[in-house]
Each structure stands twice: as C-alpha cells, then as structure tokens.
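Undergrad: Quick one, what's the 3D model for this:
(chains A, B, C and D, ligands or ions: 4)
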Number of protein chains: 2
Amino acid sequence: MINIKKILEEKGVKPSHQRITIMKFMLENKIHPTVEVIYENIIKELPTLSRTTVYNTLKLFELNGLVQPINTGDSELHYDITLDLHAHFKCIECNDIFDIDIVNNDFLDKVKDDGFNILDTQIYFRGICPKCKEKK
Amino acid sequence: MINIKKILEEKGVKPSHQRITIMKFMLENKIHPTVEVIYENIIKELPTLSRTTVYNTLKLFELNGLVQPINTGDSELHYDITLDLHAHFKCIECNDIFDIDIVNNDFLDKVKDDGFNILDTQIYFRGICPKCKEKK
DNA sequence: TATAATATTGTAATGATTACATTGTTGATA
DNA sequence: TATCAACAATGTAATCATTACAATATTATA
Ligand SMILES: [Mn+2]
Ligand SMILES: [Mn+2]
Ligand SMILES: [Zn+2]
Ligand SMILES: [Zn+2]
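TA: Ligands and ions are numbered 1, 2, ... in the order given. Here you go, the predicted model:
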C-alpha cells in the first residue's frame, strides 16, 4: 500500500483531497489519460470536482516532476505517470497508447556529441497494435 | 531549377497559383514553418491570400504525401517538407527546430518484432542548441 | 459561350485550454 | 475557540488554433 500523501509532499505539493484522488487514479490506471478521462473517472467519487481543478492539478504535477505530458498529435494532451525514458505507440484502431521500452539509448550520445543539450526526449509511433492487427 | 508544378501534379494535386507559391516557400525555407509563418511570408506576394487557404493547402499536401506535420507540443502545428525518417530538436532559447539525422534505426526492428505495425515515427528533443549553449 | 467542377475566400463555429474572480478550506495564532 | 491569512477549488468567461460552411471566383470541358 503506497502512501500517496508522502509522494506529493516529497515533491513539494500539498496533499489536498482532490490532488490525492487524481494522483491515485494516475498510479492505478497507467493509461496515459487526458484531463477529460481523469475528470470522467473521478467525478463519481468527488461530485463537486471542477474540470479546472483537474487542469490545474496536472499542470502542477508536471511542474513538480510528478507527471509528464504526452503529445500524440490529437487535440487533447495526455499525461503519463511513468517518467523514465520510454517510447509510445498509439494504435489508430483501438486508440490505446502502449509503452515501448527503449533497449539502448546510444542514439542520444550522437546528439549530445553534436553539442545539443537535451532536456527532454519524446519518441512516438503511430500504427496498428498486435491485437488489432490480428483481428484483420 | 525545380519544376514545382510537376511535383504537385505527380502527387495528384492541381497546381494552382496559391499551391505553387506555398510549395515554393516550403522548398526554399526548410524551417518547419507553421501556417501563420507561411501566411506572413507569402501575403506580400499574394495579397488576397486567405489563412484558410494555407490551412487547406497544407492539409491537402499532408494527405497527398507532400509534407508531414510536426508536433512540438506548443500550440501551433509545424510542417516539414522533408519526409524521410529524421528527428527534431527544438531549442528552448531561440525556438529553432533542427533536423537530427538518425544514424541507425535498429530500434524500429524491436518494435516490429513485438507485433506492432508502424505507420509513422516521430522523434523529438527539447533543449538548448549548440549556438545558444555557447552564448552562456 | 455555357456549364460544371474545383479552388479561394471570409466569417462563423468549435473545442481544448487558460485567466480570472469568487468561494471554500486549512492551519497557525491569540 | 474565534480570527485571520494563506492556499485550494470552483465556475464562468476569454483565448486562440483550427475547422465548417457558404459565397464567390477560377478553371476546364463541351
Ligand atoms: Mn508511457
Ligand atoms: Mn525536419
Ligand atoms: Zn489496437
Ligand atoms: Zn538555440
């Protein structure tokens, strides 16, 4: 049983009821949700929740290194609770976003050697996932 | 001297005056421009040009494999006339977007082996470019 | 030329996100 | 415990890139 309160406090985020509930959802549902998805799932538990609070909270989490934003090119921004370097695969059939391990990151060295100071790396694939491929 | 009309026709795009001018700009300025940047640069030459036409034209180019959209996470979409697989580096100081060669793409094989059918690959770095790094 | 097909234009609508003002909550202090 | 300040949550209005749509212009065809 993880202590969500402690996780927030360690990053300097005051653990309000809403923030704890949102962080709990992120930790228990690693599906790269959008603000809307988070809102729809939590509103049952927190009937007075405002969409603005979800927007504010995710931005606050991002600012304090608790989540990272994932831009898949569609209109809504996704958020990822997993912070270590990994790629994403978005299936155009089922719309799921899969985590893809990066086995070796030698390709970063080449960029650094060329004098670029890398602060963030995003690798993103679009295509058809194994499950949807089989269905056809 | 390249024949822009032919480039468009080969992809099944009728070479109107506006489309030729926009394609010419893309070919002569490989800066990953946004719709707004394209519009601001071409309006001098085509005073009656509408922003909507630029939006429509770029979408048409994209649909016909003449450009690819580049999503850097900021509000506006960028377009790239270079279509072969390469990465992008956006400098947070000067906001320039640099092309980064991908020396080997073995990492794609791993994903394909896992049963994913890749249709598009985007690799994106954020950080500080060599020039801006030197200035500090 | 007449007519149909296509392209361009300008304005209005959309929709995700942000700004802002108000209200609510918490925690320290007297 | 009552007061007060700091902070958080809420709801509505504004923003802004993009798209939808209808009107007009241009081009191609007969
Ligand atoms: Mn992920
Ligand atoms: Mn490029
Ligand atoms: Zn799928
Ligand atoms: Zn720079």
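
Undergrad: What's opposite A:D99 in the beta bridge?
TA: A:H88 (DSSP bridges).

Undergrad: Distance of it relative to DNA strand D?
TA: Per C-beta to the nearest atom of the strand, to the nearest Å, A:D99 is found 27 Å from DNA strand D. (Glycine included, C-beta is placed from N, CA and C.)

Undergrad: shouldn't that residue be in contact with A:L85?
TA: No: if you go by C-beta atoms under 8 Å, A:D99 and A:L85 don't touch, sitting 11.0 Å apart.

Undergrad: got the residue ranges for the helices in chain A?
TA: Taking DSSP state H as the criterion, chain A carries its helices at A:4-10, A:17-28, A:35-42, A:51-63, A:106-113, A:130-134.

Undergrad: near DNA strand C at all, the fourth one?
TA: Yes: on the criterion C-beta under 7 Å from any atom of the strand, helix A:51-63 is in touch with DNA strand C at A:51-52, A:55, A:59.

Undergrad: ok, residues contacting that helix?
TA: Helix A:51-63 has contacts (C-beta atoms under 8 Å, 6 or more residues apart in numbering or on different chains) with A:13, A:18-19, A:22-23, A:26, A:35-36, A:38-39, A:42, A:67-69, A:79.

Undergrad: and the angle from that helix to helix A:35-42?
TA: Put simply, helix A:51-63 runs at 110 degrees to helix A:35-42, going by axes from the mean of the first three to the mean of the last three C-alpha atoms, to 10 degrees.

Undergrad: One more: the fifth one?
TA: Note on geometry: by the same axes, to 10 degrees, helix A:106-113 and helix A:35-42 are set 130 degrees apart in direction.

Undergrad: For helix A:106-113, which helices and strands make contact with it?
TA: Contacts defined by 3 or more C-beta pairs under 8 Å, 6 or more residues apart in numbering or on different chains; DSSP states H and E place helix A:106-113 against strand A:117-128.

Undergrad: what's the distance between A:D74 and B:P69?
TA: Distance, A:D74 to B:P69, using C-beta to C-beta, to the nearest Å: 12 Å.

Undergrad: Same check on A:K6?
TA: For A:K6 relative to B:P69 (C-beta to C-beta), the value is 42 Å.

Undergrad: What's the local residue count around the closest residue to A:N64 other than its chain neighbours?
TA: Nearest non-adjacent residue to A:N64, counting by C-beta to C-beta, 6 or more residues apart in numbering or on different chains: A:K11, 4.4 Å away. Neighbourhood size, A:K11 [other C-beta atoms under 10 Å in any protein chain shown]: 13.

Undergrad: which stretches of chain A have low pLDDT?
TA: Within chain A, the segments meeting pLDDT under 70 span A:1.

Undergrad: Nearest residue to the middle of it?
TA: Residue closest to the average C-alpha location in chain A (C-alpha atoms, centre = their mean): A:D80, at 1.1 Å.

Undergrad: May I have the beta-bridge partners of that one?
TA: With DSSP bridges as the criterion, A:D80 is bridged to A:Q68.

Undergrad: Check the gap between it and DNA strand D for me.
TA: Relative to DNA strand D, A:D80 is positioned 21 Å away (C-beta to the nearest atom of the strand).

Undergrad: List the contacts of that residue.
TA: So A:D80 contacts A:30, A:32, A:67-70 (C-beta under 8 Å, 6+ apart).

Undergrad: got those residues as CSV, with distance to B:I128 and neighbour count columns?
TA: Output for these, formatted as CSV (distance: C-beta to C-beta, whole Å; neighbours: other C-beta atoms under 10 Å in any protein chain shown):
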residue, distance to B:I128, neighbour count
A:K30, 31, 12
A:H32, 27, 24
A:V67, 23, 23
A:Q68, 19, 17
A:P69, 20, 16
A:I70, 22, 18
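
Undergrad: Which single one of those residues is nearest to chain B?
TA: Nearest to chain B among the contacts of A:D80: A:P69, at 7.1 Å, using C-beta to the nearest C-beta.
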